[in-house]
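Trainee: any chance you can model this:
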Amino acid sequence: MNYLSAEKLSKAYQHKVLFEELSFGIEKGEKIALIGTNGTGKSTLLKIIAGQESADAGEVQLNKSIKVGYLPQQSQFEGSQTILETVLAADNADMQALKKYTFALEGIEGYDLNEALEEMENRNAWDLEAKVKEILGHLDLHQPSIKVGVLSGGQLKRVALAKTLLGQPDFMILDEPTNHLDLQHIEWLENYLAQSKVTLLMVTHDKYFLENVTNHIFELEFGKLYKYKGSYTYFLEKKQEREEREQAEIGKAKNLLKKEMEWLRRQPKARGTKAKYRVDAVEEIQKKATSGQKEQDIELQVQGRRQGKKVIELENISFSYPDGKEMIQNFSYIFKRGEKLGIIGPNGSGKTTFLKLLTGELQPTAGQIDKGINTKIGYYKQQDPNFDESKRVIDVITEIADQIEISKGIFISASQMLEKFLFTPKQQYNLIKVLSGGERRRLSLLQVLMGNPNFLILDEPTNDLDLQTLGVLEEFLIDFPASVLMVSHDRYFMDKLNDGLLVFSADSGDVVHFPGNYTDYREQKKEEEAEQSDQKKSSAKPVSKDSTSSKGSDNLSKNLSYKEKREYESLENEIAVLEHEKEELVSLLNKEGNNHEQLLEYSKQIEHIEATLEQKTDRWLELADRM
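Mentor: Numbering: from 1, shown residues only. Here you go, the predicted model:
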């Protein structure tokens with residue numbers, strides 16, 4: 001069943017042609033990744049398909065019987081609405097019934113519970129209610145009453161993703177869905193989409209995500225679209241074969257062009273008719289002979305600034321924000337020369353805070369950070385780069401340095417470095433204001449590298465970078481002779497580069513060093529979880545069929561120690577108290593209005609209570625199993 005047909009789509013911005021006369025179709029069940037270098041028009045093409053932007057020429061025909069869901073890179077929401085109001089704001093009847101029912105339960109004025117219940121029954125929308133709870137739970141959106149106006153960028157991304165998934169589209173268009181998600185959420189989304197029967201078109205740079213979810217690859221290159229049926233690995237093999245064929249054809253065209261040009265030059269000047277068909281043929285051959293624009297092969301082997309024996313030493317550092325939230329607690333570590341460490345942990349666990357402590361933007365509330373005298377930090381930040389829009393690309397780099405030493409006594413100019421980072425000589429004199437988001441990130445990264453640091457800090461370097469630039473960066477970092485510390489949610493990137501991890505906990509402020517890459521860490525965690533599950537099963541003992549309530553009490557005495565029995569009884573009371581405190585906070589949160597600081601404080605308290613509740617409930621269930 002055909003979902004979409006695109007015929008001869010063309011798009012240009014000012015003097016830059018993104019693509020010309022693209023034609024393709026999308027069939028039901030296809031899961032397509034759209035890849036290509038930054039600035040080739042991937043996001044623009046998605047917007048055209050989603051109806052958010054118009055093409056200069058050509059036509060997109062969507063099957064009128066299907067529903068389309070679109071997730072842009074940046075979503076705009078009404079800040080005064082709650083998470084629940086936002087994700088339920090779909091136009092389908094089931095979602096509207098669930099919205100009425102949910103709001104009626106919360107006692108919101110204008111929503112009648114009996115009417116809402118009747119509509120839920122008539123539409124049999126109870127499965128949808130379960131789906132909403134499941135998706136919000138997996139995306140850690142546990143306080144649906146919070147206003148979206150107080151959410152962080154990562155939380156907003158999860159709200160936008162939940163809204164898209166819950167819209168139950170037949171055809172889903174996703175632009176960088178993994179950006180700003182932590183590893184836990186990326187792995188859940190990957191599994192969800194891999195198992196879903198939804199038809200999919202997405203832009204992503206996550207190679208594991210590409211390999212595990214998609215079954216078709218569309219590559220946008222030099223204004224043309226190349227289509228491959230298969231996984232990302234299959235695409236790489238076939239792309240190489242295609243390029244080898246093209247180079248052979250270009251070689252033949254160059255030889256033919258040379259012969260034809262010689263023929264033209266030999267003809268008498270007075271003969272005006274010079275076989276016009278051969279002149280036209282030469283023009284076509286010339287196009288073919290010059291069509292072999294090749295993406296630059298980038299080999300960056302910077303010598304690196306000399307580094308002393310001491311790099312950076314941390315001694316019992318702690319950090320808390322003024323609101324009392326402890327991000328890092330009593331952490332010590334000695335960074336070594338040439339060490340490449342990754343940082344992982346849930347959003348909000350203190351990863352970026354830790355980087356700011358190392359760079360001196362923040363000071364520890366306890367402990368000491370001792371930086372070596374020769375240590376020069378280069379810091380690539382997660383935030384969008386703030387360039388002077390009126391400057392040229394090359395000016396941004398020459399402000400840092402005119403050249404950089406790549407080996408002893410051998411230097412490479414700023415212009416050459418820009419070429420190696422895919423900025424052609426012509427593009428180097430473009431104004432910053434015409435660059436795409438990915439091109440700006442690439443330029444910002446090059447700014448940091450031109451400073452020739454010997455301790456490189458990268459905060460989410462893979463966000464908004466295309467696959468080719470990521471490959472460039474990977475190869476550069478593998479050979480980089482100094483220390484690297486990176487926060488990344490790209491599992492492939494970390495597996496290839498890291499020889500160790502710093503693991504940040506969700507809420508305790510603990511930081512633990514793990515000697516291995518991300519896949520090693522995940523395998524160990526799975527083994528630990530399996531062992532814990534086995535222990536719980538072995539400790540659980542069945543209650544006899546003729547047990548009465550009094551016998552249950554006897555079993556409690558026999559199977560639990562006196563201390564455990566007291567703990568069991570105490571936990572029941574503690575859980576009840578915590579649930580009451582949570583209800584009061586939720587009530588206060590709903591009444592607060594637009595005081596964003598107070599809303600944020602209430603939501604933090606609720607998160608802490610929920611985490612404590614989960615821990616205590618698990619322990620209570622463990623003890624109850626032994627009754």
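
Trainee: and the pLDDT at Lys551?
Mentor: The per-residue pLDDT reported for Lys551 equals 37.

Trainee: apologies, that question was intended for Gly437.
Mentor: What the model reports as pLDDT for Gly437 is 79.

Trainee: what about the spatially closest residue to it that is not a sequence neighbour, which SS state?
Mentor: Of all residues not flanking Gly437 in the chain, Asp464 sits nearest, at 5.4 Å (Cβ to Cβ, 6 or more residues apart in numbering). The way it works is simple: take the backbone N, C-alpha and C, and place the C-beta from them, glycine included. Secondary structure for Asp464, judged by DSSP: H, G, I helix; E, B strand; the rest coil, is coil.

Trainee: distance check, Asp464 against Gln368.
Mentor: 36 Å (Cβ to Cβ, to the nearest Å).

Trainee: of the two, who's got more company?
Mentor: Counted by other Cβ atoms under 10 Å, Asp464 and Gln368 do not tie: Asp464 has more neighbours, with 21 against 11.

Trainee: just to check, that one is in contact with Asn38?
Mentor: Yes - under the criterion of Cβ atoms under 8 Å, Asp464 makes contact with Asn38 at 7.4 Å.

Trainee: related to what we said a few turns ago, how about the residue nearest to Gly437, what does it touch?
Mentor: 38, 73, 176, 179, 437-438, 441 (Cβ atoms under 8 Å, 6 or more residues apart in numbering).

Trainee: ok, Glu187 - how many residues close by?
Mentor: 18.

Trainee: what pLDDT does it get?
Mentor: Reported pLDDT for Glu187: 92.

Trainee: can you check Ile146 too?
Mentor: Looking at Ile146, the pLDDT reads 85.

Trainee: could you find the closest non-adjacent residue to it?
Mentor: Ser603 (5.2 Å).

Trainee: which element is that neighbour on?
Mentor: helix 596-624 (DSSP states H and E).

Trainee: list the buried ones in that helix?
Mentor: By neighbour count on 16 or more other Cβ atoms under 10 Å, the buried set for helix 596-624 is 599-604, 606-607, 609, 612-613, 616, 620, 622-623.

Trainee: cool, stretch 360-367 as well?
Mentor: So, applying 16+ other Cβ under 10 Å, buried residues of stretch 360-367: 362, 364, 367.

Trainee: now stretch 414-426
Mentor: 414-415, 417-423.

Trainee: redo those as JSON lines? Include distance to Leu225 and secondary structure.
Mentor: Listed next are the buried residues of stretch 414-426 as JSON lines, based on distance: Cβ to Cβ, whole Å; DSSP: H, G, I helix; E, B strand; the rest coil:
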{"residue": "Ala414", "distance to Leu225": "34", "secondary structure": "helix"}
{"residue": "Ser415", "distance to Leu225": "31", "secondary structure": "helix"}
{"residue": "Met417", "distance to Leu225": "30", "secondary structure": "helix"}
{"residue": "Leu418", "distance to Leu225": "27", "secondary structure": "helix"}
{"residue": "Glu419", "distance to Leu225": "26", "secondary structure": "helix"}
{"residue": "Lys420", "distance to Leu225": "26", "secondary structure": "helix"}
{"residue": "Phe421", "distance to Leu225": "24", "secondary structure": "coil"}
{"residue": "Leu422", "distance to Leu225": "19", "secondary structure": "coil"}
{"residue": "Phe423", "distance to Leu225": "23", "secondary structure": "coil"}
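
Trainee: adding pLDDT and distance to Leu161, write those out as CSV.
Mentor: Listed next are these as CSV, based on pLDDT from 0 to 100; distance: Cβ to Cβ, whole Å:
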residue, pLDDT, distance to Leu161
Ala414, 86, 39
Ser415, 88, 41
Met417, 83, 36
Leu418, 86, 35
Glu419, 83, 37
Lys420, 78, 35
Phe421, 78, 31
Leu422, 78, 30
Phe423, 85, 32
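
Trainee: need the max-distance pair from the residues you listed.
Mentor: In the buried residues of stretch 414-426, the most distant members under the criterion Cβ to Cβ are Ala414 and Leu422, with 14.6 Å between them.

Trainee: for Glu30, see how far away Ile217 is.
Mentor: Distance of Ile217 to Glu30, given as Cβ to Cβ: 11 Å.

Trainee: comparing the two, which residue is more hemmed in?
Mentor: Between Ile217 and Glu30, Ile217 has the larger neighbour count (other Cβ under 10 Å), namely 22 against 17.

Trainee: sec struct for the more buried one, please.
Mentor: Counting by three-state DSSP, the backbone at Ile217 sits in strand.

Trainee: I'd guessed it sits against Ile35; true?
Mentor: Yes - judged on Cβ under 8 Å, Ile217 makes contact with Ile35 at a distance of 6.4 Å.

Trainee: what's the overlap in contacts for the two?
Mentor: Leu210.

Trainee: pull the number of nearby residues for Val448.
Mentor: 19.

Trainee: which residues sit against the strand or helix carrying it?
Mentor: Assigned by DSSP H and E, Val448 belongs to helix 437-450. If you take Cβ under 8 Å, 6+ apart as the criterion, helix 437-450 is touched by 37-39, 43, 73, 300, 302, 378-380, 384-385, 387, 393, 396-397, 400-401, 404, 414, 417-418, 421-423, 432, 435, 456, 461, 463-466, 469, 473, 476.

Trainee: do the same with stretch 81-94
Mentor: 67, 77-78, 95-96, 98-99, 102, 123, 125, 128, 132, 136, 141, 143-148, 151, 159, 162-163, 166-168.

Trainee: show me what the nearest residue to Lys238 once chain neighbours are set aside bridges to in the sheet.
Mentor: With sequence-adjacent residues excluded and distances taken as Cβ to Cβ, 6+ apart, Lys238 is closest to Tyr228, at 5.4 Å. Applying DSSP bridges to Tyr228 gives these bridge partners: Ile217.

Trainee: just Leu501 next, same as before
Mentor: Gly342, Phe514.

Trainee: contacting residues around it?
Mentor: 341-344, 494, 513-514, 516-518, 521.

Trainee: and for Arg245?
Mentor: Contacts of Arg245 by Cβ under 8 Å, 6+ apart: none found.

Trainee: what about it, helix or strand, and which?
Mentor: helix 232-266.

Trainee: point out where the protein drops to low pLDDT.
Mentor: 90-91, 249-308, 406-410, 537-566, 592-594, 596, 627 (pLDDT under 70).

Trainee: just the buried ones from the contacts of helix 437-450?
Mentor: Buried, going by 16+ other Cβ under 10 Å: 37-39, 43, 73, 300, 302, 378-380, 385, 387, 393, 396-397, 401, 404, 414, 417-418, 421-423, 432, 435, 456, 461, 463-466, 469, 473, 476, out of the contacts of helix 437-450.

Trainee: can you tell me which of the contacts of Leu501 are buried?
Mentor: Buried among the contacts of Leu501 by 16+ other Cβ under 10 Å: 341-344, 494, 514, 517-518, 521.
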